[in-house]
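Colleague: here are the coordinates; sequence isn't available:
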């Protein structure tokens, strides 16, 4: 039986230029710095509590949190109030996080359930996309769930293939165009996302605080397959060599918003990542960083910034959303936008 230590994300080398995939904080330090400034201003809107939980789910190598904390030094009271919690199961990644965050005495958790009671600011960057999805395929006989099975009798190599359950599902998720979708359409649903968002929203409602979600995905629920595998920064067949590639699916932000609202949380966004970062001064910080640098160093810094903010790169596909206690309004970067206000 596979343990956490044996799983794909337990390998320390999967993230970064030499790994299988790279995330925004690994591309540009400004990403985490902007989130740090956002966290400080949000903490002030929360009434500047003298003690609160700063939580990151899926903190990777600790890069985002290190940049966040460095930027938050503008407000010493914020740092004094922080109780740092990292939701991370991988022993190897915990070691990487310890190297850069040990000065903050972080506490590690296997899940959000063991984070102590109290107000919190939660960060989840590229966390929801890694949660498992179910797929449903429309056939001439209706919708059937897609499953994985063996493609032949070679049990030594265990060749995998997609198949369909013969019976129609009783718990088919609903989207507005599911009935009119053409044959062979695929509908994806992430039960884990619903559970996580409900848990976060319920806690925020009861204890106060906010959650900031950054991920790639779509604003509106719709049919379409987004499940993909990435290995060495290249697309990889999903069923080939399982356990050796990064498996993800796009986040359905409408499901996130509706789940949060049902639990009583206020929803801010989603806003395209590039738009949100620029509203909070991304370009200004970029210019500060290139001051005094060589031409080549400046080009590298600016190119990294474009990669995470330009619409034709990560700037439009990636979205930022915040969930908060109902009393928290007008969070920085969101204005009065909501999931239902954007098309």
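Modeller: Received, thanks. Computed from a predicted structure; not experimentally measured. Numbers count the residues shown, from 1 in each chain.
Colleague: quick one, what contacts the residue nearest the centre of the chain?
Modeller: In the chain, the C-alpha nearest the mean C-alpha coordinate belongs to residue 126, at 2.7 Å (C-alpha atoms, centre = their mean). Applying C-beta atoms under 8 Å, 6 or more residues apart in numbering to residue 126 gives the contacts 23, 24, 58, 214, 215, 216. From N, CA and C alone the C-beta is placed, and that goes for glycine too.
Colleague: quick one: buried residues of the lowest-mean-pLDDT helix or strand in the chain?
Modeller: In the chain, no helix or strand scores lower on mean pLDDT, DSSP states H and E than strand 234-236, which sits at a mean of 76. Buried residues in strand 234-236, counted by 16 or more other C-beta atoms under 10 Å: residue 236.
Colleague: helix or strand right after that strand?
Modeller: Following strand 234-236 in sequence order, the next helix or strand is strand 246-248 (DSSP states H and E).
Colleague: ok, so of the contacts of residue 126, who is nearest residue 257?
Modeller: residue 215 (13.1 Å; C-beta to C-beta).
Colleague: mind giving me the packing neighbours of the helix or strand hosting the closest one?
Modeller: Assigned by DSSP H and E, residue 215 belongs to strand 209-218. With contacts defined as 3 or more C-beta pairs under 8 Å, 6 or more residues apart in numbering; DSSP states H and E, strand 209-218 has these neighbours: helix 29-45, strand 120-125, helix 191-207, strand 251-252, helix 253-263, strand 318-324.
Colleague: and the second one, what other elements does it pack with?
Modeller: Where contact means 3+ C-beta pairs under 8 Å, 6+ apart, strand 120-125 is packed against helix 29-45, strand 52-57, helix 63-71, helix 191-207, strand 209-218.
Colleague: so what does the first one touch, helix or strand wise?
Modeller: With contacts defined as 3+ C-beta pairs under 8 Å, 6+ apart, helix 29-45 has these neighbours: helix 24-27, helix 63-71, helix 76-81, strand 120-125, strand 209-218, helix 273-279, helix 282-290.
Colleague: next one: the shortest one
Modeller: The helices and strands touching strand 52-57, judged by 3+ C-beta pairs under 8 Å, 6+ apart, are strand 82-87, strand 120-125.
Colleague: in JSON lines, list these along with mean pLDDT.
Modeller: Shown next, in JSON lines, are those (pLDDT from 0 to 100):
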{"stretch": "strand 82-87", "mean pLDDT": "98"}
{"stretch": "strand 120-125", "mean pLDDT": "98"}
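Colleague: most packed of the ones you listed?
Modeller: Across the helices and strands packed on strand 52-57, averaging neighbours per residue (mean count of other C-beta atoms under 10 Å) puts strand 120-125 on top, at a mean of 25.
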